[in-house]
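Q: coords please:
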Amino acid sequence: LITNTLQALLQQQVEQIGIMKTVGARRTQITLIYMMLILAFGILAFLLSAPLTSWISFLLMDYLVLQLNFDLLGFRIVPSVLIFQALIAVLIPQLAGFIPIWRGSNLSVQEALSGIKQGGGKVRKAGSRGVVRFKLLSRPILISLRNTFRSKGRMALTLVTLSLGGALFISTFNVQLSMANYIEQMSQYFIGDLNLTLAYPYRVEKIEGLLSPLEEVEHVEGWMTARSELVKADGSTGDSVQLLA
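A: Below you'll find the model as predicted:
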């Protein structure tokens with residue numbers, strides 16, 4: 001996404017690059033200008049996203065407290081997470097934008113001011129002849145098709161970006177559905193308002209005698225857990241399972 005955006009931005013500002021080179025700007029100076037622009041947007045994105053993600057993650061954990069039955073110690077900021085977010089917001093856009101900026105600034109003054117890169121005329125003519133063959137299509141559709149396939153590199157990057165975005169979108173819903181199904185399955189195994197896990201084995205009668213007199217307790221049931229391993233048909237051991245009895 002960053003690469004596509006910068007490529008489009010550099011194509012729109014070809015004449016500005018030519019004017020800067022006319023007055024003596026070097027390739028490294030032009031590259032530094034756009035890299036500082038990316039850095040400014042990265043810092044702005046971090047300042048906006050860091051408090052928002054912390055608040056949303058706290059709301060998510062507050063929801064999972066009731067679902068997974070654990071204690072939340074309150075809202076807190078983890079310094080390591082903030083440092084990691086800052087590094088992503090600063091370094092990743094710089095790495096993704098350096099190559100298109102370095103290539104876009106490699107224009108001569110004549111190419112930048114005329115808006116035509118040397119050696120690009122033949123490519124456009126060949127693409128135009130290929131599109132003209134579809135005579136049944138209207139002219140606006142032919143123009144859109146020609147613009148789509150004119151820059152194959154940008155088209156490939158766009159397809160990759162859309163594919164990754166769609167994959168992340170689908171995987172997010174899959175994870176949400178899997179978590180909801182897992183919580184529902186766990187609630188069927190542990191049907192109770194409260195589950196206590198003891199560090200040492202005790203007699204069930206003793207624990208029931210301690211908990212039954214409480215007014216809030218209606219029923220007490222003792223379970224025993226043991227770790228076991230599945231034995232396959234060839235005699236080898238398989239996955240380990242936890243038995244409840």
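
Q: for the protein, which segments count as strands?
A: Secondary structure of the chain (DSSP state E): strands at 225-231, 237-244.

Q: what about the longest one, average pLDDT?
A: For strand 237-244, the mean per-residue pLDDT is 74.

Q: what's the answer for stretch 14-34, then?
A: Stretch 14-34 comes out at a mean pLDDT of 83.

Q: how distant is that stretch from the center of its chain?
A: 34 Å (CA atoms, centre = their mean, to the nearest Å).

Q: just the endpoints, please. Distance across that stretch?
A: 13 Å (CA to CA, to the nearest Å).

Q: for that stretch, buried residues please.
A: Val14, Ile17, Gly18, Met20, Lys21, Ala25, Ile30, Thr31, Tyr34 (16 or more other CB atoms under 10 Å). For the C-beta atoms, the positions are set from N, CA and C on the backbone; glycine is no exception.

Q: with distance to Ser236 as extra columns, can I get these in a markdown table?
A: A markdown table is the format used below for those (distance: CB to CB, whole Å):
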| residue | distance to Ser236 |
| --- | --- |
| Val14 | 68 |
| Ile17 | 68 |
| Gly18 | 72 |
| Met20 | 71 |
| Lys21 | 72 |
| Ala25 | 71 |
| Ile30 | 66 |
| Thr31 | 61 |
| Tyr34 | 61 |
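
Q: show the contacting residues for Ile92.
A: Residues in contact with Ile92 (CB atoms under 8 Å, 6 or more residues apart in numbering) are Ile2.

Q: coming back round to it: just send the strands of the chain back as TSV, with distance to Phe98 and mean neighbour count too.
A: As requested, those are exported to TSV (distance: least, CB to CB, whole Å; neighbours: other CB atoms under 10 Å):
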stretch	distance to Phe98	mean neighbour count
strand 225-231	53	10
strand 237-244	47	9
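
Q: and this structure, what are its domain boundaries?
A: 1-118, 204-244 (automatic domain parsing).

Q: just name the most buried of these.
A: Comparing the domains of the chain by mean neighbour count (mean count of other CB atoms under 10 Å), domain 1-118 comes out on top with a mean of 14.

Q: pull the distance from that one to the chain's centre.
A: Worked out by CA atoms, centre = their mean, domain 1-118 lies 15 Å from the chain centre.

Q: again, but for stretch 153-171
A: For stretch 153-171, the distance to the chain centre is 12 Å (CA atoms, centre = their mean).

Q: list the buried residues for that stretch?
A: So, applying 16+ other CB under 10 Å, buried residues of stretch 153-171: Arg154, Leu157.

Q: avg pLDDT for it?
A: Here the average pLDDT along stretch 153-171 is 83.

Q: go on, stretch 58-77?
A: For stretch 58-77, the per-residue pLDDT averages 79.

Q: quick check: end-to-end length of that stretch?
A: 10 Å.

Q: got a list of contacts for that stretch?
A: Ser54, Ile183, Asn195.

Q: how does it look with 10 Å?
A: By CB atoms under 10 Å, 6 or more residues apart in numbering, the surrounding residues in contact with stretch 58-77 are 50-51, 54-55, 57, 179-180, 182-184, 186-187, 190, 193-195.
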